[in-house]
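>>> A structural model of the following input is requested.
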Amino acid sequence: MSRNPQYSLAVPSPSQSHFESIPFLPSSPLLEKHAAPSPHAPPQHKLSCARLFLTGAALAGAVWGVLLLLPTPQLVEELSDTPLSVSVLSTSTSAPSPWTLTPAPGASAIPLSPAALSTTCAAVANHTMHATHLGQRPTFLDPTSNLTAPHCPGTLTFILPAAPHGLAEILLQLFTAHSLAAAQNRTFHIDDSAWAWGRLSSYLQAPAHTADAACAPPPRAQLLPCPDDAKHRVVTHSLRRWVFGHAFHHRFEVATAAGTARQQRIWELAAAGMARFVPADAVARVVEQRVQALGERNWTAVAVRRGDGKTRTWRWRKGWLPVAAYFHAAERPVTGKGVLVMSDDADVYAAPELREAEAAVVSGGGVMGGWRARDMEKMSREEKEKVGREWLAELMVVAEVATEVRCMGGSATCRLLGVGLGWERLKSGWRDVDGGWGWKGVQW
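Have a look, this model is predicted:
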């Protein structure tokens with residue numbers, strides 16, 4: 001698969017980057033205030049945002065930025081439902097007792113299931129919280145510390161889940177985890193061998209770099225889900241509470257700000273990760289053609305989520321947010337060239353409020369009532385990938401040509417659009433019509 005440099009999707013940078021206070025993150029065009037325009041871009045499009053996902057393939061040269069797709073064939077592997085045990089190695093009362101993680105007696109030497117990974121982290125959190133309450137900071141003896149060469153700073157392996165979780169939420173986790181690995185000076189790896197949505201390369205292409213062989217992750221059964229300072233960590237959807245939860249927000253939120261501004265550093269993590277992938281050629285071609293057809297980059301986009309989407313507005317708690325609310329809740333008229341629509345519900349395009357609207361992508365992948373997880377479970381891999389590519393193309397088109405986006409802030413697609421718009425357009429043109437709570441990152 002060849003790269004398409006024209007639609008490599010770089011996210012516009014914030015005018016002031018809070019990453020300046022995080023010295024271990026290298027510079028990138030995402031974080032520069034005045035990035036040079038792409039020499040591949042046609043004169044009429046500078047691609048400020050359908051560069052959204054990922055210009056920086058060339059920027060991931062540092063060893064921590066490496067992204068590898070593990071070559072395991074797609075299959076259903078055996079997983080253990082027995083979590084690891086917290087083992088205290090001393091009973092001394094004069095000093096904090098060191099502790100470690102060990103397999104439960106009789107447990108199989110196979111990777112842990114998502115539930116077992118989460119249960120392990122719950123046990124670790126309980127142990128460390130109890131020690132903190134006693135005023136202790138016991139030493140963690142890491143069983144993974146000697147599994148690779150001493151000079152390897154550590155690894156983080158992101159496992160794309162086998163359960164049919166939403167594509168937008170998983171990609172937001174993936175992008176944020178990539179930058180988190182950078183912040184922790186780890187090499188980053190992906191395992192998509194059992195992903196419900198197929199292969200990542202069907203949607204996005206990882207930077208073409210090879211990791212130091214000495215820093216390849218150990219076998220998956222030896223990876224630890226926690227604590228944070230484990231040398232070889234695994235991250236997946238079931239661990240989002242432990243990876244992107246309270247401790248993560250305590251570290252990265254801007255404590256002196258409120259609303260969306262409070263999330264700027266977390267937004268930058270997601271945006272920096274997004275900027276290191278490029279879209280698959282099949283997606284990039286659709287985006288290029290549609291952006292050229294739409295012309296002027298001055299659209300008001302309406303992203304209507306149905307399916308398994310949940311509204312936060314009390315009035316509509318038992319159903320879906322009506323299309324009219326996308327116009328009334330914004331409390332401002334539509335400006336610019338017109339309305340652009342993306343939705344997982346094919347019926348939305350016939351709504352009276354959208355009679356004059358344009359579809360973001362002509363062959364949008366919506367179905368009656370929107371997509372639900374149970375629908376995805378019945379689809380073949382090829383059908384899922386087709387739906388996923390159509391959704392990704394819609395997302396990229398909207399992020400490229402819209403100056404304003406109206407969507408439900410609880411929807412992962414809405415939050416991912418907020419990343420793709422860039423920080424300045426997020427602040428000025430991203431409208432949460434379902435409560436107005438402001439932009440948030442990974443939901444945990």
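
>>> Show me which parts of the helix or strand encompassing Asn126 are buried, residue by residue.
Assigned by DSSP states H and E, Asn126 falls within helix 114-133. Within helix 114-133, the residues scored as buried using 16 or more other C-beta atoms under 10 Å are 114, 116-121, 123-125, 127-128, 131. C-beta coordinates here come from the backbone N, C-alpha and C atoms, glycine included.

>>> And the helices in the stretch 201-350 of the chain?
Residue ranges of the helices in the stretch 201-350 of the chain, as given by DSSP state H, counting those that start in this stretch, are 240-243, 246-252, 259-262, 264-274, 281-294, 325-328.

>>> Looking at those helices, which one is packed in the most?
Each of the helices of the stretch 201-350 of the chain was scored by mean neighbour count; the highest is helix 264-274, a mean of 26, by mean count of other C-beta atoms under 10 Å.

>>> Give me the contacts around stretch 324-331.
Contacts made with stretch 324-331 from outside it, assessed by C-beta atoms under 8 Å, 6 or more residues apart in numbering, are listed as 302, 304, 313, 316, 334, 353, 406-407, 431, 433-434, 436.

>>> So among those, which ones count as buried?
Of the members of the contacts of stretch 324-331, the ones counted as buried by neighbours, 16+ other C-beta under 10 Å, are 302, 304, 334, 353, 406-407, 431, 433-434.

>>> State the pair within those that is farthest apart.
Checked with C-beta to C-beta, those reach their widest spread between Val334 and Asp434, with 18.2 Å between them.

>>> same question for stretch 196-207, mean pLDDT?
Model confidence over stretch 196-207 averages 91 on the pLDDT scale.

>>> Ok, stretch 166-180 next?
Confidence over stretch 166-180 (mean pLDDT, whole number) is 95.

>>> returning to what we had before: need the buried ones among the contacts of stretch 324-331 in JSON lines (columns: pLDDT and distance to Leu204).
Rendered in JSON lines, the data for these read as follows (pLDDT from 0 to 100; distance: C-beta to C-beta, whole Å):
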{"residue": "Val302", "pLDDT": "96", "distance to Leu204": "25"}
{"residue": "Val304", "pLDDT": "93", "distance to Leu204": "24"}
{"residue": "Val334", "pLDDT": "85", "distance to Leu204": "32"}
{"residue": "Glu353", "pLDDT": "92", "distance to Leu204": "33"}
{"residue": "Arg406", "pLDDT": "95", "distance to Leu204": "26"}
{"residue": "Cys407", "pLDDT": "95", "distance to Leu204": "22"}
{"residue": "Arg431", "pLDDT": "94", "distance to Leu204": "27"}
{"residue": "Val433", "pLDDT": "92", "distance to Leu204": "28"}
{"residue": "Asp434", "pLDDT": "90", "distance to Leu204": "28"}
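
>>> just to revisit the earlier point, for the contacts of stretch 324-331, which one is nearest His178?
Sorting the contacts of stretch 324-331 by distance to His178 puts Cys407 at the head of the list, at 23.9 Å, by C-beta to C-beta.

>>> how about the closest one, what does it touch?
The neighbours of Cys407, taking C-beta under 8 Å, 6+ apart as the test, are 301-305, 326, 413-414, 417, 430-433.

>>> quick one: low-confidence parts of the stretch 251-400 of the chain?
Across the stretch 251-400 of the chain, residues meeting the criterion (pLDDT under 70) sit at 330-331, 364-366, 368-369.

>>> so how far is Gly441 from His232?
Separation of His232 from Gly441 (C-beta to C-beta, to the nearest Å) stands at 25 Å.

>>> whoops, Asp308 was the one
20 Å.

>>> Neighbour count for these two, which is higher?
The residue with the greater number of neighbours, taking Asp308 and Gly441 and applying other C-beta atoms under 10 Å, is Gly441; the counts read 24 against 16.
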